[in-house]
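Engineer: Output the structure for:
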Amino acid sequence: MTERINLYEKVANHISRLIGEGTFSVGDRIPSVRKLHSDMKVSITTVMEAYRLLEDQGIIEAHPQSGYYVRPQFPKMISSPEVSKPDINPANVNVSTLVRMIMRDRSNPDIIQLGSLQPDPDLLPIDKLNLTLSAVVRRDRRKSSLYDELQGYKPLRVQIAKRLLSAGCAITPDELIITSGCAEAVMLSLIATCNPGDAIAIESPVFFNLLQLLEVFKAKAVEIPSHPNCGIIIEALRDAIEEHPIKACFVSPNFSTPLGSCMPDENKKLLVDLLSEHEIPLIEDDIYGDIYFSSERPVAAKSFDKKGLVLLCSSFSKTLAPGYRVGWVTPGRFKNRIELAKSVGNFATSTPPQMAIADFLANGGYDHHLRKIRRLYAQKISLMAQAIEKFFPEGTRVTNPNGGISLWVEFPKYVDSLKLYALAHKHGISFVPGPLFSAKGKYRNFIRLNAAYWSEKAEKALATIGYLAAEMKDN
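Structural biologist: Numbers count the residues shown, from 1 in each chain. Reported below is the predicted structural model:
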């Protein structure tokens, strides 16, 4: 018995050493059970026990019908930020000036972009999509040049409905409305469910684009504490509902930005049940749902909806083509209101991009593309986290998301992220300071980083940020 244990541990140590030395990187497929059995002249049972040991150690993970892959490795000496602690009193939103100041550098080629959450253009299937676009336009010149129906291009809605099955949602094509990106889907959902001045419960921290929408809509934000791994705190939301007339709730259950948190399925069900009990609509942003690093796609909160109160919003902006501006919403019981709002503001989403994406999905190119970017983004997230541990001041914390493309970094209290941004900007570096993610300007010592553009240049930029942050201690 002792000899067999030593043997499978020897096999596990061999694979672990190869990973540590860089032979296999994060997201890489390691040798199959049969290949390692042949190469190392050990039994299949021994290899299986070795791989189970590596799984238990968090070094590899099994992908059904695919094999074993190297898991993202986060620094062992650096911890995650604590649960956020905003107060739950409604607040007016005023972030637009600050957002414009930060986002003006998004298109500046001389700035190292570590802020704006755009996908890496080198990982987008641009040539294939553009060829598909040319082909569908030539194939149906008339249809591509005209408005499509208000709900959007039917073949695209069919493809999206099929894909939503993997998110646990049985949605028909007629229950979908195509929008100009996820932002329009969220905006239409707000218009359909709320009135100006209403109180909207939001996870905190939250994506600043939503705060801008609430500002324009003149809604009040009720910030709910959130866990860096598990997302919005259900009990805190319950307390807010009892204290304030909440009219809607906005949550990103799967890999929210900036936290990157992913709610456990039981929490998603509790969230939907709680809001359903009070007849409160849930606007669910699932834009990062397809960028997961585990073996299975996390289900959407929409999968637990029995009353049509969950409006699921998403798009292809983070996975395929931000410039195509193609998103969607499942409006549930609010379909008529959303159709009215869309008919007034934006009668139809551009037809050619819808046709191209529908064709791309139908021909199977999307799944192959997703497998590739999941592996590469997992690598980039891991490498950026390791660089943060190396270069940032002692006491820094960082999230360890299992999907998405961003990291949420908590500096020691002496670091002011707005002042740090101004200093970094002088060095040609851009990131997003924490106060943009709160209606009340919280998270002053936090920043959000985009790992999608990870490179040697980005690593040097992080070293500069870390140096500038450390210098604040004595000032």
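
Engineer: From here on, just use CA atoms for contacts and neighbour counts.
Structural biologist: Fine.

Engineer: Specify the beta-bridge partners of the spatially closest residue to residue 152 that is not a sequence neighbour.
Structural biologist: Distances taken as CA to CA, 6 or more residues apart in numbering place residue 178 nearest to residue 152, at 4.9 Å, with adjacent residues excluded. Residue 178 forms beta bridges with residue 328, as assigned by DSSP bridges.

Engineer: For residue 178, list the residues it contacts.
Structural biologist: The neighbours of residue 178, taking CA atoms under 8 Å, 6 or more residues apart in numbering as the test, are 151, 152, 153, 157, 326, 327, 328, 329, 349.

Engineer: mind checking how far it is from residue 347?
Structural biologist: Distance from residue 178 to residue 347, counting by CA to CA, to the nearest Å: 11 Å.

Engineer: quick one: average pLDDT of the longest helix anywhere in the chain?
Structural biologist: Ranked by number of residues, the top helix in the chain under DSSP state H is helix 365-391. Per-residue pLDDT over helix 365-391 has a mean of 91.

Engineer: can you give me the offset of that helix from its chain's centre?
Structural biologist: The chain centroid and the centroid of helix 365-391 are separated by 12 Å, computed with CA atoms, centre = their mean, to the nearest Å.

Engineer: name the helices or strands packed onto that helix?
Structural biologist: Helix 365-391 makes packing contacts with strand 406-410, helix 456-471 when contacts are defined by 3 or more CA pairs under 8 Å, 6 or more residues apart in numbering; DSSP states H and E.

Engineer: Check which helices and strands the helix or strand just after that helix sits against.
Structural biologist: Remark: after helix 365-391, the chain's next helix or strand is strand 397-398, criterion DSSP states H and E. Secondary-structure packing of strand 397-398 (3+ CA pairs under 8 Å, 6+ apart): strand 406-410.

Engineer: what are the pairing partners of the strand it packs on, and which direction each?
Structural biologist: For strand 406-410, pairing defined by DSSP bridges yields strand 397-398 (antiparallel), strand 446-450 (antiparallel).

Engineer: who wins for proximity to residue 102 among those?
Structural biologist: strand 446-450 (12.1 Å; CA to CA).

Engineer: how distant is that closest one from the center of its chain?
Structural biologist: 13 Å.

Engineer: got a list of contacts for that strand?
Structural biologist: Against strand 446-450 from outside (CA under 8 Å, 6+ apart): 113-118, 258, 405-411, 417, 431-435.

Engineer: And stretch 127-138, by the same measure?
Structural biologist: Stretch 127-138 is touched from outside by 144, 352, 353, 355, 356, 357, 359, 360, with contacts defined as CA under 8 Å, 6+ apart.

Engineer: can you do 10 Å?
Structural biologist: Under the criterion CA atoms under 10 Å, 6 or more residues apart in numbering, residues 126, 139, 141, 143-145, 320-321, 324, 351-360, 365 lie in contact with stretch 127-138.

Engineer: who touches the residue lying closest to residue 464 once chain neighbours are set aside in this structure?
Structural biologist: Of all residues not flanking residue 464 in the chain, residue 424 sits nearest, at 7.6 Å (CA to CA, 6+ apart). Contact partners of residue 424, counting by CA under 10 Å, 6+ apart, are 112, 417, 418, 430, 431, 461, 462, 464, 465, 466, 468, 469.

Engineer: Over to residue 350?
Structural biologist: Taking CA under 10 Å, 6+ apart, we find residue 350 in contact with 144-148, 152-153, 178-180, 324-326.

Engineer: per-residue confidence at residue 103?
Structural biologist: 71.

Engineer: Point out the least confident member of the contacts of residue 178, please.
Structural biologist: residue 349 (86).

Engineer: what helix or strand is that residue on?
Structural biologist: With DSSP H and E as the test, residue 349 turns up in no helix or strand.

Engineer: give me the number of residues near it?
Structural biologist: By other CA atoms under 10 Å, 25 other residues sit near residue 349.

Engineer: Please verify my assumption that it contacts residue 145.
Structural biologist: No. Contact status for residue 349 versus residue 145: not in contact, 11.9 Å apart, counting by CA atoms under 10 Å.

Engineer: Neighbour-wise, give me the winner out of the contacts of residue 178.
Structural biologist: Result: residue 329 is most packed of these (other CA under 10 Å), 29 neighbours.

Engineer: Residue 192 is in contact with that one, correct?
Structural biologist: No. Assessed by CA under 10 Å, residue 329 is found out of contact with residue 192, at 11.8 Å.

Engineer: Overlap in contacts, these two.
Structural biologist: Common contacts of residue 329 and residue 192 (CA under 10 Å, 6+ apart): 186, 311, 335, 338.

Engineer: Contacts only, for residue 277.
Structural biologist: So residue 277 contacts residue 271 (CA under 10 Å, 6+ apart).

Engineer: Could you check how far it is from residue 194?
Structural biologist: 18 Å.

Engineer: Distance check, residue 16 against residue 362.
Structural biologist: In terms of CA to CA, residue 16 sits 39 Å off from residue 362.
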